[in-house]
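S.K.: okay, sequence plus prediction incoming.
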Amino acid sequence: MNKIRVLIVDDEDDFRETLVNRLQNRGFVVDGVPTGEKALEWLAHQDCDIVVLDMLMPGMHGVECLKQIKKVKPRVEVILLTGHGTVQLGIMSLKMGAFDYVMKPAPLDELIEKMELAFEKKGA
């Protein structure tokens with residue numbers, strides 16, 4: 001099986017770095033950036049299968065970042081992370097092209113399961 005390539009976008013440095021390390025230890029190819037703007041810069045020069053995107057960050061909001069990602073990389077699956085989400089926000093995000101969303105702190109196994117399903121959907 002191909003290794004799943006993931007970009008983690010989260011402004012909380014400790015959370016992002018821990019998640020990157022834990023996913024790398026599970027065999028994923030993972031990079032991390034702190035903002036939506038940095039994610040778009042990264043995606044302009046790199047490819048990935050899945051973006052795990054925090055909803056609330058300084059600067060670009062996760063919903064706006066999702067819109068931009070889908071414009072420039074429509075085949076990339078996006079899983080939104082939020083500690084402040086609502087069912088309504090999740091449904092809106094799904095309509096905008098997100099694969100799924102999870103509430104922070106999501107158990108690692110739950111996030112990995114969603115990532116594997118997103119990778120299957122992508123057909124990579």
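M.R.: The structure has been received and is ready for your questions.
S.K.: need the contact list for the residue nearest to Pro34 when sequence neighbours are not counted.
M.R.: Closest residue to Pro34 apart from its sequence neighbours, by C-beta to C-beta, 6 or more residues apart in numbering: Asp11 at 5.1 Å. Placement of C-beta: from N, CA and C, glycine included. With contact set as C-beta atoms under 8 Å, 6 or more residues apart in numbering, Asp11 has these partners: Pro34, Thr35, Asp54, Met57, Pro58.
S.K.: and for Val72?
M.R.: By C-beta under 8 Å, 6+ apart, the contact set of Val72 is Leu40, Leu43, Ala44.
S.K.: if any of these are buried, give me the ChimeraX selection for them.
M.R.: The buried subset of the contacts of Val72, as determined by 16 or more other C-beta atoms under 10 Å, is captured in ChimeraX by this line:
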select :40,43
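S.K.: filter the contacts of Asp11 down to the buried ones.
M.R.: Buried, going by 16+ other C-beta under 10 Å: Pro34, Thr35, Asp54, Met57, out of the contacts of Asp11.
S.K.: go ahead and flag the most central residue of this protein.
M.R.: Val52 (1.3 Å; C-alpha atoms, centre = their mean).
S.K.: now for the one helix or strand that residue maps to, which elements pack on it?
M.R.: If you go by DSSP states H and E, Val52 is part of strand 50-54. Using 3 or more C-beta pairs under 8 Å, 6 or more residues apart in numbering; DSSP states H and E, the elements in contact with strand 50-54 are strand 5-9, helix 36-45, helix 62-72, strand 77-82, helix 108-122.
S.K.: next, the angle helix 108-122 makes with that strand.
M.R.: Counting by axes from the mean of the first three to the mean of the last three C-alpha atoms, to 10 degrees, strand 50-54 lies at 130 degrees to helix 108-122.
S.K.: picking up where we left off before, closest to Thr18 among the contacts of Val72?
M.R.: Taking C-beta to C-beta as the measure, Thr18 sits nearest to Leu43 out of those, at 22.4 Å.
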